[in-house]
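>>> after the sequence you'll find the predicted model.
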Amino acid sequence: MSDVFASVGNPLPDAPQRREALASLDLAVARFAVYYVPPAGACWWNEGSRWLGRDAITGRQLNAPQVPGLSRALADLTVDARRYGLHGTLKAPMRLAPGVKPDDLYTIARQVAARHTPFDLPLTIDVVDTDNGKRPGFVALRPKANVAGVPGVVSAAGAAAAKQIDAVAFDCVEAFDGLRALPSEAELTRRLAQPLTTRQRELLARWGYPYVFDEFRFHVTLTDRVSAADATAMTDWWHPRVQALGPMRVDGLALFVQPTPDAPFVIAERFAFGQNPTANAANAADQAGDAE
């Protein structure tokens, strides 16, 4: 059953079958992540997945748009972003600790989702992680707190939504932490080779990831690191679309899985906010029974 996650380009099975398939993964190498993703079929999901050239819910490959002014084809500038799928990180990818099972992730995900309520998140397009222009950044969607057209004036609704997405992420970091395996030496070496601050190194040592809590900046990654010229062409393409699409609906969290190293991440299941976790578990069991 684990090969259902490796069928790149083919439709993935329904959620109960995906959950069954998780049980047969090699948990020594599989990684799991908790992401925010727009609702399936929503305009934001469709537009973002088309941009990346892959739908992480269905597993289908998509034709990316033609973007004027790029140095290369868009697909060549979104290789890593496409592998992760359209998402905003809430709990970074992790392997499971010895004795932890995928079902444990489902239990925690239901509990976390039950503690939050849906909200709308205004967005802006930006180039992030440039280290003050010292290195190429990547294009991403970020929360928009300012009033449109009025620099320096904060929107109360935008600021409140930004705090809400931070609260969801902080909850996920803490709630799932007991399930993660410690980073390997290779993973730590790779992280420590990055230009981290003292605080980020502390967070890496405690939480396995340097960009949590006070260092967390929610974003939806759209590209790999790109040149300034390519970034400008991309943000020019996105500006009118961000305005037309409006706020992104945040109404749940999603459990993603990467079955083997370098395989694409795919969604295992989505968990709606504000629902009783016991009722959700019963519904999931009913669905699994119906699928047999």
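Received, thanks.

>>> chain center to the longest helix along the chain, what's the gap?
Scanning the chain for the helix with the most residues, using DSSP state H, yields helix 156-175. Centroid displacement of helix 156-175 relative to its chain, using C-alpha atoms, centre = their mean, to the nearest Å, is 14 Å.

>>> show residues contacting it.
The set of residues external to helix 156-175 that reach it, using C-beta atoms under 8 Å, 6 or more residues apart in numbering, is 34, 36, 88-91, 108, 111-112, 115-116, 119-122, 143-147, 207, 209, 212-213, 216, 218, 247, 250, 253. C-beta here means a position set from N, CA and C on the backbone, and glycine is covered the same way.

>>> for the stretch 151-292 of the chain, which segments count as strands?
All strands of the stretch 151-292 of the chain, identified by DSSP state E, counting those that start in this stretch, fall at 220-221, 248-250, 252-258, 266-272.

>>> let's have the ones you listed in JSON lines, adding mean neighbour count, distance to L27 and mean pLDDT.
Shown next, in JSON lines, are those (neighbours: other C-beta atoms under 10 Å; distance: least, C-beta to C-beta, whole Å; pLDDT from 0 to 100):
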{"stretch": "strand 220-221", "mean neighbour count": "23", "distance to L27": "26", "mean pLDDT": "97"}
{"stretch": "strand 248-250", "mean neighbour count": "22", "distance to L27": "29", "mean pLDDT": "96"}
{"stretch": "strand 252-258", "mean neighbour count": "23", "distance to L27": "10", "mean pLDDT": "96"}
{"stretch": "strand 266-272", "mean neighbour count": "21", "distance to L27": "13", "mean pLDDT": "94"}
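
>>> okay if I get those as JSON lines plus distance to F176?
Formatted as JSON lines, the strands of the stretch 151-292 of the chain follow (distance: least, C-beta to C-beta, whole Å):
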{"stretch": "strand 220-221", "distance to F176": "20"}
{"stretch": "strand 248-250", "distance to F176": "18"}
{"stretch": "strand 252-258", "distance to F176": "10"}
{"stretch": "strand 266-272", "distance to F176": "12"}
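
>>> out of those strands, which comes closest to T58?
T58 lies closest to strand 266-272 among those, at 9.1 Å (C-beta to C-beta).

>>> helices and strands around that closest one, which ones?
With contacts taken as 3 or more C-beta pairs under 8 Å, 6 or more residues apart in numbering; DSSP states H and E, strand 266-272 sits against helix 15-22, helix 102-114, strand 252-258, helix 277-291.

>>> 6 Å - rerun?
Contacts defined by 3 or more C-beta pairs under 6 Å, 6 or more residues apart in numbering; DSSP states H and E place strand 266-272 against helix 102-114, strand 252-258.

>>> sheet partners, orientation included, of that strand?
Paired neighbours of strand 266-272 in the sheet (DSSP bridges): strand 252-258 (antiparallel).

>>> now do the partner strand: distance to the chain's middle.
Distance, centroid of strand 252-258 to centroid of chain: 8 Å (C-alpha atoms, centre = their mean).

>>> what angle sits between it and helix 156-175?
50 degrees (axes from the mean of the first three to the mean of the last three C-alpha atoms, to 10 degrees).

>>> what angle do strand 252-258 and helix 15-22 make?
Strand 252-258 runs at 40 degrees relative to helix 15-22, counting by the same axes, to 10 degrees.

>>> from L86, how far off is the residue nearest to S227 when sequence neighbours are not counted?
Distances taken as C-beta to C-beta, 6 or more residues apart in numbering place P136 nearest to S227, at 5.9 Å, with adjacent residues excluded. Distance, P136 to L86, using C-beta to C-beta, to the nearest Å: 21 Å.

>>> these two: who's more crowded?
L86 (27 against 17; other C-beta atoms under 10 Å).

>>> element containing that one, please.
Assigned by DSSP states H and E, L86 belongs to no helix or strand.

>>> isn't it right up against G48?
Yes. Judged on C-beta atoms under 6 Å, L86 makes contact with G48 at a distance of 4.0 Å.

>>> in the stretch 1-150 of the chain, which spans are helices?
15-22, 43-52, 79-84, 102-114 (DSSP state H, counting those that start in this stretch).

>>> show me what the longest one is packed up against.
In terms of contacts (3+ C-beta pairs under 6 Å, 6+ apart), helix 102-114 is packed against helix 156-175, strand 252-258, strand 266-272, helix 277-291.

>>> for that helix, give the mean pLDDT please.
Averaged across helix 102-114, the pLDDT comes to 97.

>>> cool, and the third one?
Averaging the model's pLDDT scores along helix 79-84 yields 96.
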